[in-house]
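Asks: Sequence and computational prediction follow.
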Amino acid sequence: CIDKSTSDELSTAINSMFRWYQRASRCYVYLSDVVVPEEVADAEAFWITWGEAFRRSRWFTRGYTLQEMLSPASVEFFSKDGKRLGSKFSLEWEIYEITKIPMRALRGQDLTGFSVEERMSWSANRTTTLKED
């Protein structure tokens, strides 16, 4: 949690978050709007039942989640009911299709290898509370 009552602490925390995520051994993403039915029997049916909800998840439209996806080496996605959906790597094609972020970036390539314009485009369809975010 970030203490928002102190502007210095808030500024320091916001500016440090990318590095914090980068140093994390794993980031767990809870998708509160993705539900997987209990009766799903096989892997193909599993994907069919929650794939569309995954693609439409609000998580992919929020500005602050971009660093949660790109910074950590390992990202694991979980449904509302706690079922593991996959990792950033096992779902990289789906994530690319949703975000248009190149797989090289999703795989951890140094982001300075992408132009500023390209990196800015990754946040174009995301919403933030403050315009400058």
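Replies: Perfect, thanks for sending it.
Asks: spatially speaking, which residue is in the middle of the protein?
Replies: Geometric centre of the chain, nearest residue: Met69, 3.6 Å, by Cα atoms, centre = their mean.
Asks: and the helix or strand where it lies, what other elements does it pack with?
Replies: Following DSSP states H and E, one finds Met69 within helix 65-70. Where contact means 3 or more Cβ pairs under 8 Å, 6 or more residues apart in numbering; DSSP states H and E, helix 65-70 is packed against helix 7-23, strand 27-30, helix 103-106. From N, CA and C alone the C-beta is placed, and that goes for glycine too.
Asks: 7 Å instead?
Replies: Packing partners of helix 65-70 (3 or more Cβ pairs under 7 Å, 6 or more residues apart in numbering; DSSP states H and E): helix 7-23.
Asks: can you map out the helices along this protein?
Replies: Ranges of helices in the chain, per DSSP state H, are 7-23, 43-56, 65-70, 92-99, 103-106, 116-121.
Asks: re the thing from before, what separates the residue nearest to the centre of the chain from Ser87, distance-wise?
Replies: Using Cβ to Cβ, to the nearest Å, Met69 is found at 11 Å from Ser87.
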